[in-house]
Structure formats: C-alpha cells, structure tokens
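**Student:** What would the 3D arrangement of this be:
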Amino acid sequence: MIKFKSYYIQSIIILLGVGFLFGQCPSSENSDYGDCLMVIGWTWNGTDCSTLSGCGPINSEGIDNSEWFYNDYNSCINTCDVEYMLGDVNYDGSLNVIDIVLITSYIIGNTSFTLDQILTGDQSEDGQLNVVDIVILVNYILNGIPQRDTWKIISEDIFEPKCANACHESGAFFAEQSDLILTPDVAYQQLINRIPKNESAWADGLVLLSSEGGQPGEIQSFLWEKINIPNSAHYFDDHPYYGELMPLGGPYLSNGELAFIKDWIYAGGPETGVVSEEELLLDNSVWETPPFAPLDPPENGIQFHVGPFEIWDGYEREIFSYQPISNDEYVYINQYEILLSPGSHHLIFYTYPLNASVSQLPVECEAYIEEFPPPPYELRDLHNEYGNFNYQTLCYMGLQTFFAGSQWPYVNYHFPPGVAIRVPPSFGVDVNSHFLNYSGDTPIGELYGNFHFVEESEVEHIADIFMLNNNDIDLPPNQTTTLNRTFMFPEQFNAGFLDNGSVDDIDHLNIFQLFSHAHERMVRFDIKLIGGENDGQIIYTALDWEHPPILELNPPLVLEQGMGLELEATYINDTNQSIHFGLLGADEMMILFGTYYTD
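**Tutor:** You can find the predicted model right below:
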C-alpha cells in the first residue's frame, strides 16, 4: 500500500473545503548520498534548485531517488517550484475532465503514473488510486470548481515558463530587443493588436496578436508565425526576415499547446472566457524534422554536396572536402542553406586567407602537404577509425578561417535586407562535418549546402565574421565547472575573414547574428554584454549543446570600442578523467561566432 510521506505535506491549504496544494519535489537538504565529489544532478533543496554531489542517487537509507534528480536547472525549477491541487494529476492548475481521463487510463492499465501523480490523484487518502477517487473528482467538478480562462492557461502555463522566464521579462535584453514582455501581469496588453518591432512583419501588415478571429486573425498574428514550428519551411522560405522561431533554440511548443493557442486565436484571442478545449493539451508530441532528402540547388548561387559515406560504428568521423566556387569576379552571398543527415554534430564552411600558401605552414607540415588549397572534392578524414590523426588534415586546419556553419539539421538563413558577404575571385570553402555514431550500425553520412548570390547593386552593407574562442579549458573529473572569458573590442577581436579590413580600424560593430559551439559536457552557455547601457545583461543563452540557438538581432547589437562580450559556460564532467579543449567529441570547446557589418 502506498502511503503519504511527510515530505509531501508542504504548503497545505484547503481549497473549497476539500482540495489541497503541495510542493511536488522532496527536499534534499538533509539527505546523505556519500562523500564522492561526482555531481549527481540538479535537485530541490526546499527553496531552490541546486547541484548535489555524492556517490549516486541512492541515499544512506538505501532509497533510490533518481526521479528527483534533473539534468539542468530549468527542468528542476519548472517541476519543483510549484504547488498543485489534490486531484490535478497533469499539474495544469485546475480540476477538469482531463484529470478524470488520465486517472481512468491509469486504473485500467493504459497509462503509467509517477509516485507523485498517484499521491496527487489519491483524493480519498487511502493510499490507493481507484474508482473512489474518480467519483470524488467528478463531484468536485460538478459542484462548481471553475475552469480557468483560456488566456490564463496560455499566459501562466505556456508563455510564462517557456517565453517570459529569462527572456521576455522586464529588464531582459531579449525583451528590450523585441519590445515584448510576456509576464502574466502585462502580456495581454503587450500582444493584442500591437504593431511588432520587426520591420518586415510590420511592413506585411501583421500585428503581434490580432483580435479579428478566424483565419484572418491567424494570418495577421505575428505571434502565430513565430511559434508555429510545424510550418517552419513556409516561415523560413517566405519570411526570411522575421527572425528565429520561438522559443529561441527550443524546446518548442507541443502540438497540443499549438492547437490550444490556435483555437484561442480563431476565437479572437479574448482575455476572459473558455474558448479552447483543455483536452488538446494532452497531446505532448512535438514537431520533428522531416526525413533527410536532397536539397534543391539555388537558382542563383552554388550548391556544395559531400557524400554519401559510411560513419564508423562505435566512434566518430570528421571529414573535410575542399570545393571551389570557381568565380572569376567578386560575388555577394546573402543567404545560405544547410542540410545534414542524422547523426551530424555540425557542418562548417571554412575558407583560407587571401594569398595563403604552403610556405605559411609550419616546417613540420612540409612532409604532408604538396599543394594549396587542398585537392578539390577529395574526402579527407581528421583521423582514422582508431583515433589516429591525419596530419595532412591537421596542417590544413592551421590556416582555416570560419565562414559559416550550423549544428541544426536544417538551416535556411537570410542576411538582413541590403547585407551580404563579399567573396573574392577563385573562392572556395573547405566543407567540414563531424558525425558521432554509437548506434551499433553503420549509417550513411551526407550533407548539402547552398550559397545564394545577390547582385552588387542590392548590397548596402558588407558583412564579416568574428570568432571568439576560449581554448583554456580544464574540467576536473566528477565536478561541475563554470568557465568565464571576456573579449573586449577591438583589441581581443580577430580581424576580418576576407579582404574587408581589420577590426583595429573600426569604431563599432553592428552585430546581427550570434551562436555558440561546445561539446556534450556543456549544460549552459551564456553571453553577457560588457559596457554600455545594458552592461551585465545576458544577451544569449544555449541550454542544448547539440542545437545551440542562432540568435538574430534586429535591430543589430551595436558594440562600440571599450565594450565587450563575456562568455560563460557551465560543464558537468561526470567522468574520472580531466577534460580539456580538443577536436574530438570527448573533448570540449567554448566558442562564439558572430556576424556583423560596420558601415
């Protein structure tokens, strides 16, 4: 028989003389998990979430508390720092038919519940979840437990935890950039029939949230364009200047949440009343990337293609292939597309400095390199399937400069209107991709990249790229480590990648894109602004090492001389070995890429 434990009786209050509220997670404050230094994970300490070290999730009393440890702070705080009603087994803050359906499904064996859900649903407090609890819950609902307004559910259960926290809240850099605050106290007024700050959306006649209702309300609402991830192909193809889909970098809204919000928009987006069925929120499925298929070549541009090739089982494979554009004059690139087959960690286009030659390489490389640039279209491995490095590839890497790239399976990125990268005659790129494979099979790797050209007459600003790299990485075994590195402009910024000049001659940068790069031990990557009116503000956050967000800044972030960017990254090294900077998946990195223009 399941019984209440004392740590569940937190913040108990009476609701209508019958229901209760209580915190969901037990406190780890007085628990003993051994003297080991290994970080077990994030857990609730009674007032907040923090990391806890020990020898494992089984405490000194022999109780396995694995379910109360989380991979990151957000997962922990969003689960534990809440209070729930007795009977509210889906934790949406209300008692309704969804709870009845879920409890019934559990009783007949079609749904599994956590221990906490069982205790939440046990309204008779007899230590069991059965038909008696369903009867009690039905009586509660029939006797007038009020349903929450649809907008209240959207605001408090979706927008606040997934959009407002750390981004669209008062004083946050993202809120200022977008002129949008989504905390429950002001979110509705911030959205309804307001003109968006995005100039392209405004020019298209959109408002943030239209009150017109029906299909016109849907197609006139910029909010819907920004969150409708299943329609991402339309979004990027037809609206290249609308910015990134939201929430930035994911996780994106579930199909159920999107259906719930869409019904509300069709009803005119009212602030009060029930206009969407809560049963829709039972659908927790999330849109998935379509199956890999060849990328259509651009009408005006060039396509790069590498593969297919085998990915070694039980290891990783990183390849390079130099591919020339073969242009006779300057060309201007204002859009790039990247498509990766499953298993790829990244695709990067590297280039080489103008007038680069074999003579610029270290003497040790003379035995490995006979020509420069590398032989076109030849597949070059960074190392073999046993981990032995290919020194020819390493020598070429010594002269490479980052040009473009992504860790997302598909990216279609448009530069801001009037902005393009200028590339010189006889230009080429070294296409690089890194695949990880521990599946037990030998999958096939393949990748595509498109560069779209634009006429010189359409270009007002020449773009360039910077890369800020902290290779001073030392992660002690079985510890959580946070590293910081500040780069001040211009002295610690690298020069332009092509013939666009050195940053030493520039008094400011107009940064319009940022994204980070790290490996699998990274759990959080923040970028803070140093100097200026927003000194100390976090302007970028990545919580997923595999798919860091690509932040588009519209208007651009102006970085003046004397200002800088601070990189702060947190890693969990749960191995018995120290981890340092390196090229393999087992190593780590801490890199920020940015794209800017100056004039």
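**Student:** alpha carbons only for contacts and neighbour counts from here, please
**Tutor:** Fine.
**Student:** so where do the helices sit in the stretch 251-400 of the chain?
**Tutor:** 255-266, 391-397 (DSSP state H, counting those that start in this stretch).
**Student:** Who are the packing partners of the first one?
**Tutor:** What it means is helix 255-266. helix 214-219 (3 or more CA pairs under 8 Å, 6 or more residues apart in numbering; DSSP states H and E).
**Student:** just checking, next helix/strand downstream of the helix it packs on?
**Tutor:** Note on helix 214-219: by DSSP states H and E, the next helix or strand toward the C-terminus is helix 222-227.
**Student:** before we move on, the earlier item: out of the helices of the stretch 251-400 of the chain, deepest packed?
**Tutor:** helix 255-266 (a mean of 21; mean count of other CA atoms under 10 Å).
**Student:** Export it to PDB, keeping only CA atoms.
**Tutor:** Coordinates of each C-alpha in helix 255-266 appear next as PDB, following Å, rounded to 0.1, in the frame of the first residue of the first chain:
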ATOM      1  CA  ASN A 255       1.400  20.100 -30.900                       C
ATOM      2  CA  GLY A 256      -1.300  20.200 -28.200                       C
ATOM      3  CA  GLU A 257      -0.200  23.600 -26.900                       C
ATOM      4  CA  LEU A 258      -0.200  25.000 -30.500                       C
ATOM      5  CA  ALA A 259      -3.700  23.600 -31.200                       C
ATOM      6  CA  PHE A 260      -4.900  25.200 -27.900                       C
ATOM      7  CA  ILE A 261      -3.400  28.600 -28.800                       C
ATOM      8  CA  LYS A 262      -4.700  28.400 -32.400                       C
ATOM      9  CA  ASP A 263      -8.300  27.800 -31.300                       C
ATOM     10  CA  TRP A 264      -7.900  30.800 -29.000                       C
ATOM     11  CA  ILE A 265      -6.700  33.000 -31.900                       C
ATOM     12  CA  TYR A 266      -9.600  31.800 -34.000                       C
END
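**Student:** For N432, give its distance to I539.
**Tutor:** 28 Å (CA to CA, to the nearest Å).
**Student:** With mean pLDDT and distance to N300 as added columns, please give the helices of the stretch 251-400 of the chain in a markdown table.
**Tutor:** Formatted as a markdown table, the helices of the stretch 251-400 of the chain follow (pLDDT from 0 to 100; distance: least, CA to CA, whole Å):
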| stretch | mean pLDDT | distance to N300 |
| --- | --- | --- |
| helix 255-266 | 93 | 36 |
| helix 391-397 | 90 | 30 |
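**Student:** can you tell which of those helices is closest to F320?
**Tutor:** helix 391-397 (8.0 Å; CA to CA).
**Student:** For the residue nearest the centre of the chain, give me its contacts.
**Tutor:** Centroid check for the chain by CA atoms, centre = their mean gives G249 as the closest residue, at 2.7 Å. By CA atoms under 8 Å, 6 or more residues apart in numbering, the contact set of G249 is A542, H547, P548, P549, I550.
**Student:** Apply 10 Å and report the result again.
**Tutor:** W408, T541, A542, L543, D544, H547, P548, P549, I550, L551 (CA atoms under 10 Å, 6 or more residues apart in numbering).
**Student:** picking that back up, could I get the helices of the stretch 251-400 of the chain in TSV, plus columns for distance to I181?
**Tutor:** TSV is the format used below for the helices of the stretch 251-400 of the chain (distance: least, CA to CA, whole Å):
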stretch	distance to I181
helix 255-266	18
helix 391-397	44
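**Student:** quick one: which of those helices is nearest S457?
**Tutor:** Among the helices of the stretch 251-400 of the chain, helix 391-397 sits nearest to S457 (CA to CA), with 34.8 Å.
**Student:** mind giving me the domain ranges of the protein?
**Tutor:** 6-142, 150-282, 289-456, 460-599 (automatic domain parsing).
**Student:** Now do the strands in the stretch 401-550 of the chain.
**Tutor:** Applying DSSP state E, counting those that start in this stretch to the stretch 401-550 of the chain gives strands spanning 401-406, 410-414, 419-423, 428-437, 444-454, 461-469, 474-475, 479-488, 508-517, 522-530, 538-542.
**Student:** For those strands, give me JSON lines that also has distance to H239 and mean neighbour count.
**Tutor:** As requested, the strands of the stretch 401-550 of the chain are arranged in JSON lines below (distance: least, CA to CA, whole Å; neighbours: other CA atoms under 10 Å):
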{"stretch": "strand 401-406", "distance to H239": "20", "mean neighbour count": "20"}
{"stretch": "strand 410-414", "distance to H239": "9", "mean neighbour count": "19"}
{"stretch": "strand 419-423", "distance to H239": "16", "mean neighbour count": "23"}
{"stretch": "strand 428-437", "distance to H239": "27", "mean neighbour count": "23"}
{"stretch": "strand 444-454", "distance to H239": "16", "mean neighbour count": "21"}
{"stretch": "strand 461-469", "distance to H239": "21", "mean neighbour count": "21"}
{"stretch": "strand 474-475", "distance to H239": "42", "mean neighbour count": "18"}
{"stretch": "strand 479-488", "distance to H239": "34", "mean neighbour count": "17"}
{"stretch": "strand 508-517", "distance to H239": "17", "mean neighbour count": "22"}
{"stretch": "strand 522-530", "distance to H239": "27", "mean neighbour count": "22"}
{"stretch": "strand 538-542", "distance to H239": "23", "mean neighbour count": "22"}
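**Student:** I'd like the ones you listed as CSV, with distance to L115 appended.
**Tutor:** Formatted as CSV, those follow (distance: least, CA to CA, whole Å):
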stretch, distance to L115
strand 401-406, 41
strand 410-414, 39
strand 419-423, 55
strand 428-437, 35
strand 444-454, 42
strand 461-469, 45
strand 474-475, 36
strand 479-488, 29
strand 508-517, 38
strand 522-530, 28
strand 538-542, 32
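**Student:** and those strands as JSON lines, adding distance to E278 and mean pLDDT?
**Tutor:** Listed next are these as JSON lines, based on distance: least, CA to CA, whole Å; pLDDT from 0 to 100:
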{"stretch": "strand 401-406", "distance to E278": "37", "mean pLDDT": "87"}
{"stretch": "strand 410-414", "distance to E278": "33", "mean pLDDT": "87"}
{"stretch": "strand 419-423", "distance to E278": "45", "mean pLDDT": "92"}
{"stretch": "strand 428-437", "distance to E278": "40", "mean pLDDT": "90"}
{"stretch": "strand 444-454", "distance to E278": "42", "mean pLDDT": "94"}
{"stretch": "strand 461-469", "distance to E278": "46", "mean pLDDT": "90"}
{"stretch": "strand 474-475", "distance to E278": "46", "mean pLDDT": "95"}
{"stretch": "strand 479-488", "distance to E278": "40", "mean pLDDT": "94"}
{"stretch": "strand 508-517", "distance to E278": "36", "mean pLDDT": "90"}
{"stretch": "strand 522-530", "distance to E278": "33", "mean pLDDT": "92"}
{"stretch": "strand 538-542", "distance to E278": "31", "mean pLDDT": "85"}
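**Student:** related to what we said a few turns ago, can you flag the weakest of the domains of the chain by average pLDDT?
**Tutor:** Least confident of the domains of the chain, judged by mean pLDDT, is domain 6-142 with a mean of 72.
**Student:** Dump the C-alpha coordinates for stretch 202-217 into CSV.
**Tutor:** In CSV, the C-alpha atoms belonging to stretch 202-217 read as follows (Å, rounded to 0.1, in the frame of the first residue of the first chain):
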residue,chain,number,x,y,z
TRP,A,202,5.1,45.4,-39.7
ALA,A,203,5.5,46.0,-43.5
ASP,A,204,3.5,42.8,-44.1
GLY,A,205,0.6,44.3,-42.1
LEU,A,206,0.9,42.0,-39.2
VAL,A,207,0.1,42.7,-35.5
LEU,A,208,1.5,40.8,-32.6
LEU,A,209,-1.9,39.2,-31.9
SER,A,210,-5.0,40.0,-34.0
SER,A,211,-8.4,40.2,-32.4
GLU,A,212,-10.2,39.7,-35.7
GLY,A,213,-10.6,36.0,-35.2
GLY,A,214,-10.9,33.1,-37.7
GLN,A,215,-8.4,32.6,-40.4
PRO,A,216,-7.8,36.4,-40.9
GLY,A,217,-6.9,36.6,-37.2
